[in-house]
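A.B. asks: pasting the structure only:
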């Protein structure tokens with residue numbers, strides 16, 4: 001006798017993707033004291049034993065935090081997700097990150113629309129490099145690159161001033177980095193990963 005069970009796009013069929021942002025190219029991710037520096041980082045000034053030594057370095061760290069927030073906003077805009085297993089290469093509060101890796105897990109990846117795949121009335125088209133997004137990994141990479149490029153004008157945020165050795169509240173602007181849209185996308189790699197669930 002049939003059980004009545006059937007697959008449904010609302011089922012939890014989690015997929016996990018490893019995202020790597022390579023920021024070692026200082027043309028693409030400038031380090032000079034302007035609104036395009038700071039890279040992408042989840043680390044705040046107090047994440048380090050050696051704090052930012054100047055106000056300019058503190059502002060760069062704040063910009064990196066704001067870009068990471070923009071990336072998270074873009075990823076959560078695709079579907080409900082979790083971000084975990086962050087690995088970042090940055091030496092201290094003054095050092096701009098050269099690499100950031102994290103895992104993003106989507107419980108309902110079928111809700112992430114691909115090129116030519118309608119979800120409701122929405123169809124997703126090409127990525128910011130004008131290539132077809134025909135896999136979930138490409139859609140995620142595009143969301144990350146778009147988050148990196150998002151402009152945030154005058155956001156009031158905490159900034160550590162190393163010259164005065166105190167936290168201040170400042171208006172910070174984040175602009176696109178030194179890369180074109182296609183170059184930014186080229187610094188982002190996304191691959192699906194396998195995970196086993198263990199039961200005791």
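C.D. replies: On my side now, so go ahead. Predicted model only: the values in this text are computed from it and were never measured. Residues are numbered from 1 along each chain as shown.

A.B. asks: Tell me the spacing between the nearest residue to residue 98 once chain neighbours are set aside and residue 141.
C.D. replies: Excluding the flanking residues, the one nearest residue 98 by CB to CB, 6 or more residues apart in numbering is residue 24, at 4.4 Å. For every residue, glycine as well, the C-beta is placed using N, CA and C. Distance of residue 24 to residue 141, computed by CB to CB, to the nearest Å: 18 Å.

A.B. asks: cool, and residue 95?
C.D. replies: Shown here: residue 95 relative to residue 141, a distance of 25 Å by CB to CB.

A.B. asks: Same drill for these two, tell me which one is more crowded.
C.D. replies: The neighbour count for residue 95 versus residue 141, taken as other CB atoms under 10 Å, is higher for residue 141 (26 against 19).

A.B. asks: What strand or helix carries that one?
C.D. replies: helix 136-149 (DSSP states H and E).

A.B. asks: Check whether residue 16 sits in a helix, strand or coil.
C.D. replies: For residue 16, the assignment made with DSSP: H, G, I helix; E, B strand; the rest coil gives strand.

A.B. asks: which secondary element of the protein has the worst mean pLDDT?
C.D. replies: None of the helices or strands of the chain scores lower by mean pLDDT, DSSP states H and E than strand 118-119, at a mean of 48.
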